[in-house]
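# Dropping a prediction and its sequence here:
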Amino acid sequence: MRENKNVSKSYLGTDLQKVDAHRVQDKEYTELPELNEDMMSRGRVNKGGRPRSQNPKQLITIRLPEDVIQRWRATGPGWQTRMAQKLSQ
């Protein structure tokens, strides 16, 4: 696991105090295009994340003998999915 380290000014390559002290002036807004109806109509909201599953899984707790778990694990990656498929038959 990586340790959190303080990021130095030289690493960022910028003067953070100068950036923090900067206040946007009116003349800087002239560089931005004016929003129009066409731009607004092309906008969309991106909520991100995965689509909701039609059949969501539910977390449960089950106690099984150690030898049963070891046999399933010995079948390799995906053993939990295979176990769930077997249980749903």
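Perfect, I can see it now.
# contacts and neighbour counts: CA atoms only from here.
Will do.
# Check what pLDDT Lys5 gets.
In this model, Lys5 is scored at 60, pLDDT.
# Now do the SS call for the residue most central in space within the chain.
Here the mean C-alpha position of the chain is nearest to the C-alpha of Gly49 (C-alpha atoms, centre = their mean), at a distance of 7.2 Å. Under DSSP: H, G, I helix; E, B strand; the rest coil, Gly49 falls in the coil class.
# Could you do the one 3 residues further on as well?
The assignment at Arg52 comes out as coil when based on three-state DSSP.
# Distance-wise, check it relative to Thr14.
Arg52 is 42 Å from Thr14, where distance means C-alpha to C-alpha, to the nearest Å.
# And the two? Which one has more around it.
Counted by other C-alpha atoms under 10 Å, Arg52 and Thr14 do not tie: Thr14 has more neighbours, with 11 against 7.
# Can you show me the helices along the chain?
Along the chain, counting by DSSP state H, helices occupy 9-12, 16-21, 37-42, 66-73, 79-87.
# Nearest to Glu31, out of the ones you listed?
Among the helices of the chain, the nearest to Glu31 by C-alpha to C-alpha is helix 37-42 (16.5 Å).
# Tell me how many other residues crowd Glu31.
Glu31 has 7 neighbouring residues, counting by other C-alpha under 10 Å.
# what about Met39, distance to Pro33?
From Met39 across to Pro33, the span is 10 Å (C-alpha to C-alpha).
# same deal with Lys18?
Counting by C-alpha to C-alpha, the gap from Lys18 to Pro33 is 26 Å.
# next one: Asp26
14 Å.
# quick one: low-confidence parts of this protein?
Applying pLDDT under 70 to the chain picks out residues 1-12.
# Kindly recompute the last result at 90.
Scanning the chain with the threshold set as pLDDT under 90 gives 1-20, 22-35, 40, 43-52, 55, 57, 88-89.
# re earlier: got the helices of the chain as a markdown table, with mean neighbour count columns?
Output for those, formatted as a markdown table (neighbours: other C-alpha atoms under 10 Å):
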| stretch | mean neighbour count |
| --- | --- |
| helix 9-12 | 9 |
| helix 16-21 | 9 |
| helix 37-42 | 8 |
| helix 66-73 | 11 |
| helix 79-87 | 11 |
